[in-house]
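mind looking at a prediction? Sequence and model below.
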Amino acid sequence: VQLVESGGGLVQAGGSLRLSCAASGFTFDDYAIGWFRQAPGKEREGVSCISSGDGSTYYTDSARGRFTITSDKSKNTVYLQMNSLKPEDTAIYYCAATTTTNWARGAWGQGTQVTVSS
């Protein structure tokens with residue numbers, strides 16, 4: 001199982017970024033794919049997740065209304081479109097895959113840095 005994130009970068013407050021999570025080595029439809037983030041000095045927190053099978057989505061309060069998670073089964077890729085970015089969104093963003101509710105025991109990518117300047 002391999003997950004590779006991309007799309008991070010430096011953006012001004014109010015701007016947008018689209019993160020990608022390319023998955024390989026497993027049956028995409030069997031997994032839920034989630035986005036998490038960790039800011040300096042803070043614990044990792046969930047952002048959003050999607051069921052690759054039925055496409056159902058979930059957002060945490062910090063992401064709802066600004067971020068959109070989608071999946072492209074033809075490319076085994078999950079995207080996180082982030083709009084109206086705020087400085088507090090600055091973090092390393094990770095994607096993870098799991099067949100259970102225990103994300104910690106799932107597969108994780110290496111992360112991509114998102115920096116939002118004020």
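Okay, I see it. Numbering: from 1, shown residues only.

use CA for all of it now, contacts and neighbours both
Will do.

now stretch 80-96: buried residues?
80-83, 85-86, 89-96 (16 or more other Cα atoms under 10 Å).

mind checking which of those residues land in strands?
Leu80, Gln81, Met82, Ala91, Ile92, Tyr93, Tyr94, Cys95, Ala96 (DSSP state E).

who does the most centrally placed residue in the chain form a beta bridge with?
When Cα atoms, centre = their mean is applied to the chain, the residue found nearest the centroid is Trp35 (2.6 Å). Counting by DSSP bridges, Trp35 forms beta bridges with Ser48, Cys95.

how far away is it from Ser118?
Separation of Trp35 from Ser118 (Cα to Cα, to the nearest Å) stands at 23 Å.

about what we covered before: residues contacting the residue nearest to the centre of the chain?
Gly46, Val47, Ser48, Cys49, Leu80, Tyr93, Tyr94, Cys95, Ala96 (Cα atoms under 8 Å, 6 or more residues apart in numbering).

what's the nearest residue to the last one if we skip its chain neighbours?
Just to be clear, that refers to Ala96. Trp108 (4.4 Å; Cα to Cα, 6 or more residues apart in numbering).

assess the claim that that neighbour and Ala97 are in contact.
Yes: the criterion here is Cα atoms under 8 Å, and Trp108 meets it with Ala97 at 6.6 Å.

who has more neighbours out of these two?
The residue with more neighbours, out of Trp108 and Ala97, is Ala97; 29 against 22, by other Cα atoms under 10 Å.

name the helix or strand for the spatially closest residue to that one that is not a sequence neighbour, please.
Spatial nearest neighbour of Ala97, chain neighbours left out: Ile33 (4.5 Å); criterion: Cα to Cα, 6+ apart. Following DSSP states H and E, one finds Ile33 within strand 32-38.

pull the CA atoms of that strand into PDB?
Only the C-alpha atoms of strand 32-38 are listed here, as PDB (Å, rounded to 0.1, in the frame of the first residue of the first chain):
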ATOM      1  CA  ALA A  32     -11.800   5.000   3.000                       C
ATOM      2  CA  ILE A  33      -9.200   7.800   2.300                       C
ATOM      3  CA  GLY A  34      -8.800  10.600   4.700                       C
ATOM      4  CA  TRP A  35      -6.900  13.800   5.000                       C
ATOM      5  CA  PHE A  36      -5.200  14.800   8.200                       C
ATOM      6  CA  ARG A  37      -3.000  17.700   9.200                       C
ATOM      7  CA  GLN A  38      -0.400  18.500  11.800                       C
END
